[in-house]
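**Student:** Turn this into a structure:
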Amino acid sequence: MRLSERTAVVTGAASGIGRATARRFAEDGASVLVADRDGEGAEAVAALLREDGFAARAAAVDVADEASVAAMVEAAIAWTGRIDTVAANAGIMVEGSILSVSVANWQRAMDVNSTGAFLTARHALPHLVKSAGTLVFTASTVALAGMKGIAAYAASKGAVAALARQLAADFAEHGVRVNAVAPGAVRTPLSESQFRARAKDDAEFEALLGQVIARYPLKRWCTPEEIAEVILFLATSRSAWITGQILPVDGGLLELR
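**Tutor:** Numbers count the residues shown, from 1 in each chain. Predicted coordinates for the structure are as follows:
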C-alpha cells in the first residue's frame, strides 16, 4: 500500500499543497522529484527532505512549456528509471469576472492550470503505463460549483476535472488510475498573499479570512497537509478501486450549504 521503492513527481512543490504532498510522499517511502517554476524553492524543499533522511531531488519546471515538462520527466527517469505516481499540482489564481478579466490573464490561467495539467499528463503517462501507476490532479471546488468573480480560474480548473475523467477512461485498460482532488479554502502562502493585497491592515486581513471560512460548515481553513493526505490516498493502492473521481476536500461546502 505504501510508496516504498516508488518514484513520485510533484509539480508546484516549492510551497503550499505541493510542498506538503512532496513531504507526505517521502514519508510514505517514495523517491520524490520536487518540481516547481521556482527552482531555488524546489531545491530548498528537496534539501530539507534529504536532511530528514528521505530521497529527493529538485527540478525547475514551467508546466506551460512542453520542453520544460519533458525535461522534468526525463530527469525523474534518469534518476530512478521509473515514475509510479504524479501529483500534477502546479497552478495559479487569476481573479476577475468575465467582464473584467483581461484576455492575457484568461490565457495565463489556461496556460498554467489547464495546459500545464495536460502537458504533465502527456509526458508522464507513457511511464505510468509501464508502472501501472497513478496520476492525481489538483482541481478546485470551483470546478464543481460556481463562485463569484473568478471566471478564468474556474474555467481552467473545470478543464482539469474534465481531463481527469477523460484520462481515467482512456488509461484504465493499462491499469493507470487518474483522479483529482477539489480543495476548498486552503491556507497557503499564495492564498494569504491574495488577501494581504486586498487588506489595508492586519485587522482587515483577518476579517477577510473570516469571511471566507464563514461559508464553510466546518468553520475553519483547511491546511495543505490535509489535502496532501487525500492526494496520498489517491496515489497509492489504498484507493485501488477508485478512478475517474473528482474528490471534494471542502469542509462540507458543496453538500451542506
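**Student:** quick one: A87 and A20 touch, right?
**Tutor:** No. A87 is beyond contact range of A20, at 10.3 Å (criterion: CB atoms under 8 Å). The way it works is simple: take the backbone N, C-alpha and C, and place the C-beta from them, glycine included.
**Student:** Those two: which is more packed in?
**Tutor:** Counted by other CB atoms under 10 Å, A87 and A20 do not tie: A87 has more neighbours, with 31 against 24.
**Student:** how about the helices in the stretch 101-250 of the chain?
**Tutor:** For the stretch 101-250 of the chain, the helices defined by DSSP state H, counting those that start in this stretch cover 103-109, 116-131, 151-171, 189-198, 202-213, 224-235.
**Student:** Rebuild those as a markdown table, extending it with distance to V10.
**Tutor:** Listed next are the helices of the stretch 101-250 of the chain as a markdown table, based on distance: least, CB to CB, whole Å:
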| stretch | distance to V10 |
| --- | --- |
| helix 103-109 | 21 |
| helix 116-131 | 10 |
| helix 151-171 | 16 |
| helix 189-198 | 16 |
| helix 202-213 | 26 |
| helix 224-235 | 9 |
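**Student:** In terms of mean pLDDT, which of those ranks lowest?
**Tutor:** Among the helices of the stretch 101-250 of the chain, helix 189-198 carries the lowest mean pLDDT, a mean of 82.
**Student:** for the residue positioned nearest the centre of the chain, what are its contacts?
**Tutor:** Computing the C-alpha centroid of the chain and ranking residues by CA atoms, centre = their mean puts N89 first, at 1.9 Å. Contacts for N89 were tallied using CB atoms under 8 Å, 6 or more residues apart in numbering; they are V10, T11, G12, A13, I17, G18, T21, F137, T138, I231.
**Student:** Kindly tell me how buried the fifth one is, as a neighbour count.
**Tutor:** The one in question is I17. I17: 27 neighbours (other CB under 10 Å).
**Student:** right, and T223 touches R187 too?
**Tutor:** Yes. Contact criterion CB under 8 Å: T223 and R187 qualify, at 6.6 Å.
**Student:** Compare neighbour counts for those two and give me the winner.
**Tutor:** Of the pair T223 and R187, R187 is the one with more neighbours under other CB under 10 Å, namely 17 against 14.
**Student:** Cheers, nothing more for now.
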